[in-house]
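Asker: Any chance you could fold what I've pasted below:
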Amino acid sequence: MKLHEYAGYDATGLADLIRRREVTAPELVQLAREAHDRINPIINAVVEFYEDAETVVGSDTGPFCGVPFLRKDSGPSEAGRLQEHGSRLFEGFRPSVESYYTERARAAGLRILGRTTQPEFGTTGLSDSIARGITHNPWKLERTAGGSSSGSAAVVAAAIVPIASGGDGGGSIRIPAANCGLVGLNPSRGRISGGPNRQDASHGNARNFVLCRTVRDMATALDVFCGFHPGDPFIITPPERPYVEELVKQTCRLRIGVATSPWGAVTVDPGILDAVNRTALHLEAMGHIVEEMKPPYDSADYRKVVAGMFYMGFASLDDTAHSLGRAVNEETLETINLELYKIGKSLPLSYAEEIFACARKIRVDVGETTKDFDILLTPTMPCSPLLHGTYSTTNKNLTAAQLMDADAALYQYLGVFNVTGQPSVSLPLFHGADGLPIGIQIVGRFGGEATLVRIARDLEEAIPWSTRRAPVFAANAD
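Answerer: Numbering: from 1, shown residues only. So this is what the prediction gives:
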């Protein structure tokens, strides 16, 4: 197999080739390494491609048997492998815990070949960090790949690997999916275990999944990673059938709420609003009932919750720093993250209850506003991918307050569904006049991934994206 052939397949397609013995898993690893060696110097998306990648273990019979895979440098861990969270504070850290997610990846046949970049601790939706530099968008190098699953999105968009891990605590899968022209699902709270040691990450707001290029890969990955484990605090009703079976099920008539008005301080670009309206027309043509919906929550409430979650998270860094023999200071944390840490340390314990009460209010508000809709249709992002450094933790001209304001404004359609726990997927349905991808978000009812699989399949068939290729793409390097 040649590199241009490898780059043209999704993960499901590569696994099928292995099952038919048209290619071997070691050959795919070698092709992934070749793609990495040619492409990564351009986009800077991989922290580490394992020296022993050719010998990593994985099932020979799973649904993704032999498929190359890269993992985000936070979230699920590999015991004994580096996990540095994009931060100088964690330099050299090797967890001893093997995540259930990692075990499931291997059982499915995925070959975990290395780590991808991210902003420090995933604080922003951009792809900049002091520890690892800038990750470039394969569609336009001067634009951000998005964050915080920056490197994972860039490596899939550039076809170094067909699928990579991501984590989403406020849009961190869906932002880079939109920016890089990928499929990015944030599953329901409890759908995928964070165990054995991160079952309630960000108090239940953060979930782990993947970035990929096709709906069938998304459905297969749901089957691979879904399921709870003993000790999980969030237990969700199991699916009625495997998600891959939803790919051949008919979609019933749905009532769809469409967001064409801003939910935050940033107005949606006209080209992106047009893409939302065009998607609505496609859904109407399929027989669905499409209605305009009003903003379902108060942006100030979400701004308070997202800031509070960061304050509480950073305030706990002292124990970690002590265990690593380091101090939390300007040498180990980026400027804005250090400011968030200091604010968090200064707040009383009672502040946490204020944040939890505000999150409860958001869940009620969203539930009341959207209760009559089966799914919601929104922009993923209100604008094209930003220039590097714009709202980054490496930007010394920004304060923590300004970054939190920007978070609530830019990710106005995203983080709210981390709070409610609903599943939501960004689909790469259109491109703007600037040639950059436009992501469209579909949001389901809690536990409604099956509906999202079916409607995503319908839109993939109606508005195909599989032939679109970023200018920086492994096939172009052959």
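Asker: In the stretch 1-150 of the chain, what residue spans correspond to helices?
Answerer: 3-7, 11-19, 25-43, 100-107, 150-157 (DSSP state H, counting those that start in this stretch).
Asker: In a markdown table, list these along with mean pLDDT.
Answerer: A markdown table is the format used below for these (pLDDT from 0 to 100):
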| stretch | mean pLDDT |
| --- | --- |
| helix 3-7 | 97 |
| helix 11-19 | 98 |
| helix 25-43 | 98 |
| helix 100-107 | 98 |
| helix 150-157 | 98 |
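Asker: Tell me which of the ones you listed sits nearest to Ile336.
Answerer: helix 150-157 (16.6 Å; C-beta to C-beta). Glycine gets a C-beta too; all of them are placed from N, C-alpha and C.
Asker: residues of the closest one that come out buried?
Answerer: Residues of helix 150-157 classed as buried: Ser150, Gly151, Ser152, Ala153, Ala154, Val155, Val156, Ala157 (neighbour count, 16 or more other C-beta atoms under 10 Å).
Asker: for stretch 21-38, same thing?
Answerer: Across stretch 21-38, burial judged by 16+ other C-beta under 10 Å covers 23, 25, 27-36, 38.
Asker: returning to that earlier point: turn the helices of the stretch 1-150 of the chain into JSON lines, columns for distance to Arg363.
Answerer: Output for the helices of the stretch 1-150 of the chain, formatted as JSON lines (distance: least, C-beta to C-beta, whole Å):
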{"stretch": "helix 3-7", "distance to Arg363": "42"}
{"stretch": "helix 11-19", "distance to Arg363": "34"}
{"stretch": "helix 25-43", "distance to Arg363": "38"}
{"stretch": "helix 100-107", "distance to Arg363": "26"}
{"stretch": "helix 150-157", "distance to Arg363": "28"}
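Asker: Tell me where the model's unsure across this structure.
Answerer: By pLDDT under 70, the low-scoring segments of the chain are 477-478.
Asker: which secondary structure elements does the strand or helix carrying Ala456 contact?
Answerer: Here Ala456 sits within helix 449-462, counting by DSSP states H and E. The contact analysis (3 or more C-beta pairs under 8 Å, 6 or more residues apart in numbering; DSSP states H and E) places helix 449-462 against strand 183-186, helix 215-225, helix 243-246, helix 270-285, strand 375-379, strand 424-431, strand 437-444.
Asker: Go through the next helix or strand after the third one and flag the buried ones.
Answerer: Just to be clear, that refers to helix 243-246. Helices and strands here follow DSSP H and E; after helix 243-246, the next one along the chain is strand 255-258. Neighbour-count burial for strand 255-258 flags Ile256, Gly257, Val258 (criterion: 16+ other C-beta under 10 Å).
Asker: Pairing partners for the last one in the sheet, please.
Answerer: Beta-bridge pairing of Val258, defined through DSSP bridges, involves Glu292, Leu377.
Asker: how about it, what does it touch?
Answerer: Val258 makes contact with Val276, Asn277, Ala280, Val290, Glu291, Glu292, Met293, Leu376, Leu377, Thr378 under the criterion C-beta atoms under 8 Å, 6 or more residues apart in numbering.
Asker: thinking again about what came up before, now the helix holding Ala456 against strand 424-431, angle please.
Answerer: 10 degrees (axes from the mean of the first three to the mean of the last three C-alpha atoms, to 10 degrees).
Asker: hmm, who's touching helix 449-462?
Answerer: 183, 185, 187-188, 191, 214-216, 218-219, 222, 226, 239-241, 243, 246-247, 249-251, 254, 279, 282-283, 286, 374-375, 423-425, 427, 429, 440, 442, 444-445, 466.
Asker: Tabulate the buried residues of strand 255-258 (JSON lines), appending distance to Ala315.
Answerer: Below are the buried residues of strand 255-258 laid out as JSON lines (distance: C-beta to C-beta, whole Å):
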{"residue": "Ile256", "distance to Ala315": "41"}
{"residue": "Gly257", "distance to Ala315": "37"}
{"residue": "Val258", "distance to Ala315": "39"}
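Asker: Please tell me I have it right and Ile289 contacts Gly257.
Answerer: No. Contact criterion C-beta atoms under 8 Å: Ile289 and Gly257 do not qualify, at 9.9 Å.
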